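>>> Sequence first, then the predicted structure:
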Amino acid sequence: MAPRPSPPQSIAWADLRAEIDALVCVATVEVPGQGGVDAPFFGDRERCGLPPASTPVQRAVAGGYADARPTLIALRPDGDALRDALALPDPAARLGAVRTLYVTPRFLGVLLPRIAAQLADLGLPCADCPPGERPPSRTIAWDALAPYIAAYVWPDPVVTPDAAASGKTQYSLHICSGRNGVATLPEPDPQIRVAAFLVTIHTDAAHERAREALRALVEDPGFTALGDDAARTAFLRARLGPSVAGDPSLRPALCATLARFRGDTGIWVSECDPKRPVRPT
């Protein structure tokens, strides 16, 4: 009698979730002038104090995190909630609170398909894994996306050294998940916010245009006539982002980036496909 074939191997969701959670951690980093500061990390075994991945599941999870990292950065937890979690005095409670903030159904909706694809290549399915939360498909007008792109091209506060200090007035900008002008928008849409962040930070042409626009604005007579740094900062913030978001020459590159992340954001813009216009929803 022929031996019965062995059942296919699989991984239980509880075991896979444990590996996913292990790569969300709190580690102490040295910050100049502040000393050791607790900070959250995800997807980095070394930062989380773990040895290099040595099992197929560990490698699949690490690879999934690497593939999903751009979008997971865009899903960064709310700053106030994260600060409260990091302020908890008990290390176990602090770690648990940070993991709860990060590993949401939306987070898993981005991460799990990447991990599942790598596990499938290994012949190691996860039969009881949840599907994760995927964003609804929406087509919006460019005018709905543009204010969010503008908010991510964010000038830093202008700093003018006092008369006794050497050096010139400092001008700079950020395009990042933490320092931006999204909070200035009326009732920001979370789904559009994520799409705009990914489009702005991953379009090199937008970065170059932002730097060019900043150089032009600080030479504008209206800017140079201002008498204090607060007014100078407000001048730049009112003009820099909109000049980038409203530049028609950038739209093809921005649309290409939007298409790259469409599966993770669910957002499309009707003007990105003029040959097949879709009614905005």
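Alright, I've got the coordinates. Residues are numbered from 1 along each chain as shown.
>>> all contacts plus neighbour counts: C-alpha atoms, from now on.
OK.
>>> can you give me the strands in the chain?
Counting by DSSP state E, the segments of the chain that form strands are 24-31, 35-42, 138-140, 154-155, 173-174, 267-269.
>>> Least confident of the ones you listed, on average?
Note on the strands of the chain: strand 173-174 shows the lowest mean pLDDT, a mean of 83.
>>> Strand partners (parallel or antiparallel) of that strand?
strand 154-155 (antiparallel) (DSSP bridges).
>>> contacts for the strand it pairs with?
The contact list for strand 154-155 (Cα atoms under 8 Å, 6 or more residues apart in numbering) reads 171-175, 179-181, 233, 236-237, 240-241.
>>> How about stretch 33-45?
23-31, 47-48, 51-53, 62, 65-66, 69, 86, 98.
>>> Mind giving me the PyMOL command for buried ones among those?
Buried members of those, defined by 16 or more other Cα atoms under 10 Å, are picked up in PyMOL with:
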select buried, resi 23+24+25+26+47+48+62+65+66+69+86+98
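>>> coming back round to it: got CSV for the strands of the chain, with distance to residue 146 too?
Below are the strands of the chain laid out as CSV (distance: least, Cα to Cα, whole Å):
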stretch, distance to residue 146
strand 24-31, 33
strand 35-42, 30
strand 138-140, 11
strand 154-155, 14
strand 173-174, 17
strand 267-269, 10
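>>> Give the buried residues for stretch 251-262.
251, 253, 254, 255, 257, 258, 259, 261, 262.
>>> Distance from stretch 228-248 to the middle of the chain?
22 Å (Cα atoms, centre = their mean, to the nearest Å).
>>> what do you get for stretch 219-237?
Computed by Cα atoms, centre = their mean, the separation of stretch 219-237 from the middle of its chain amounts to 30 Å.
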